[in-house]
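Q: Need coordinates for the below:
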Amino acid sequence: MYFYTTQELQELLKINTKQARALMRTEGFPSVRIGRDYRVEQGALSQWLTDTRQIKLDYSKC
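A: Below is the predicted model:
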């Protein structure tokens, strides 16, 4: 089981830092909070990308 960090997610999806942070905190995204940081499991991210075609990012929690 491998977990992506916010920085790895940013590099993988080719998005900026603020978008990666917002995505990790958006309801419906399969991230988990560990202390002050967020992580997303590789398989859960893959499944989420398959199932989701559009998402509105919540920048209010960044």
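
Q: Please enumerate the helices of this protein.
A: Counting by DSSP state H, the chain has helices at residues 6-13, 17-25, 42-51.

Q: Pull out the buried positions in the first one.
A: Neighbour-count burial for helix 6-13 flags 6, 9-10 (criterion: 16 or more other Cβ atoms under 10 Å). No exception for glycine: its C-beta is placed from N, CA and C like everyone else's.

Q: hang on, P30 packs against T50?
A: No. The criterion here is Cβ atoms under 8 Å, and P30 misses it with T50 at 11.9 Å.

Q: Tell me which of the two has more neighbours.
A: Each of P30 and T50 has its neighbours counted (other Cβ atoms under 10 Å); P30 has more, 13 against 8.

Q: for that one, phi and psi?
A: Here is the backbone geometry of P30 (degrees, to the nearest 10): phi -80, psi 50.

Q: coming back round to it: closest to S60 out of the helices of the chain?
A: Among the helices of the chain, the nearest to S60 by Cβ to Cβ is helix 17-25 (8.7 Å).
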